[in-house]
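Engineer: Give me the fold of what follows.
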Amino acid sequence: MESLTAPELLQWAVGAFPRKIALACSFQAEESVLIDMLHRLQGPNFRVFTLDTGRLNQETYDCMDALRQRYGIEVEVYFPEASAVEKMVGEQGLNLFYKSIESRKLCCGIRKIEPLNRALKNLDAWMTGLRREQAATRTEVRKVEIDRSHGGIAKINPLVDWSQKQVWDYIGEHKVPYNALHDQGYPSIGCAPCTRAVKPWEDIRAGRWWWENPETKECGLHVKAEVAAPSSY
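Structural biologist: Numbering: from 1, shown residues only. Presented below is the predicted three-dimensional model:
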């Protein structure tokens, strides 16, 4: 699988897991590329889901609307459980994530991980825009993995070996809609209070949870998965 191009891997994935596979989309440049590729393969007949944490930037919602309109797709939106958010905020405050790593991970768990678990519950596979170049925590990501944290479903990462330049070359060539925050110095986009613009010399994900150690900066959505054997699927 590692030798397949991104379109070839997507073609295999949608054929291997018809209607039981979906693209996880946070409306960053990589997912815009994958949406365009999937649309070229089979029109609007593919599933896309997103996690609305309640703390996203307006530009992210604008990007969602632009992609919906351009490609005629539906986006499944998963929200955190209101009661869990109310309890967390009542006990620790609205901006608890600045207090400690534990509080930040609690917030990510309620606003991201629990909704993701619901989104993946009835799927056999999910697709992501992960790239090895993005972070120290992602250097070993493979194109096809077994996601044991979600019942052993397949995790497909078509762009793992792409560079940032390749992503933007594709967007420019095909005039793909993308999140306007990328033009404002945000190479990586998450929740508004946990993401800042970066300087030209900084790491791609330096603006994510910038007060934490870069070796541990993950929200928990992408835990280390098992490499899938060629005969696994």
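
Engineer: how much space between Asp161 and Ile153?
Structural biologist: Relative to Ile153, Asp161 is positioned 22 Å away (CB to CB, to the nearest Å). The C-beta positions use only the backbone N, C-alpha and C, and glycine is treated the same way.

Engineer: The two - which one has more neighbours?
Structural biologist: Ile153 (23 against 16; other CB atoms under 10 Å).

Engineer: wouldn't that one be in contact with Asp147 here?
Structural biologist: Yes. The pair Ile153 / Asp147 is scored as a contact, 5.3 Å apart, by CB atoms under 8 Å.

Engineer: Only the buried residues of stretch 58-78, if you could.
Structural biologist: For stretch 58-78, burial by neighbour count (16 or more other CB atoms under 10 Å) applies to Glu59, Thr60, Cys63, Met64, Ala66, Leu67, Arg68, Tyr71, Ile73, Val75, Tyr78.

Engineer: can you give me the helices in the protein?
Structural biologist: Counting by DSSP state H, residue ranges of the helices within the chain are 6-16, 29-42, 58-71, 82-92, 101-108, 114-120, 164-174.

Engineer: What lies in contact with the fourth one?
Structural biologist: Helix 82-92 is contacted from outside by Gly54, Leu96, Lys99, Ser103, Leu106, Cys107, Ile110, Arg111, Glu114, using CB atoms under 8 Å, 6 or more residues apart in numbering.

Engineer: Now with 7 Å, please.
Structural biologist: By CB atoms under 7 Å, 6 or more residues apart in numbering, the list of residues contacting helix 82-92 from outside reads Gly54, Leu96, Ser103, Leu106, Cys107, Ile110.

Engineer: Could you dump those residues into JSON lines and include neighbour count?
Structural biologist: Output for these, formatted as JSON lines (neighbours: other CB atoms under 10 Å):
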{"residue": "Gly54", "neighbour count": "11"}
{"residue": "Leu96", "neighbour count": "16"}
{"residue": "Ser103", "neighbour count": "16"}
{"residue": "Leu106", "neighbour count": "18"}
{"residue": "Cys107", "neighbour count": "26"}
{"residue": "Ile110", "neighbour count": "18"}
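
Engineer: which of those residues sit farthest apart?
Structural biologist: Gly54 and Ser103 (16.6 Å; CB to CB).

Engineer: which residue sits closest to Tyr98 in space, ignoring its chain neighbours?
Structural biologist: Spatial nearest neighbour of Tyr98, excluding adjacent residues (CB to CB, 6 or more residues apart in numbering): Trp211 at 6.9 Å.

Engineer: neighbours around the one you found, how many?
Structural biologist: Around Trp211 there are 10 other residues, counting by other CB under 10 Å.

Engineer: same check, this time on Gln134
Structural biologist: Neighbours of Gln134 (other CB under 10 Å): 23.

Engineer: what do you get for Met37?
Structural biologist: 22.

Engineer: which residues sit in contact with it?
Structural biologist: By CB under 7 Å, 6+ apart, the residues touching Met37 are Ala6, Pro7, Leu10.

Engineer: Look up how far Leu23 lies from it.
Structural biologist: Taking CB to CB, one finds Met37 at 10 Å from Leu23.
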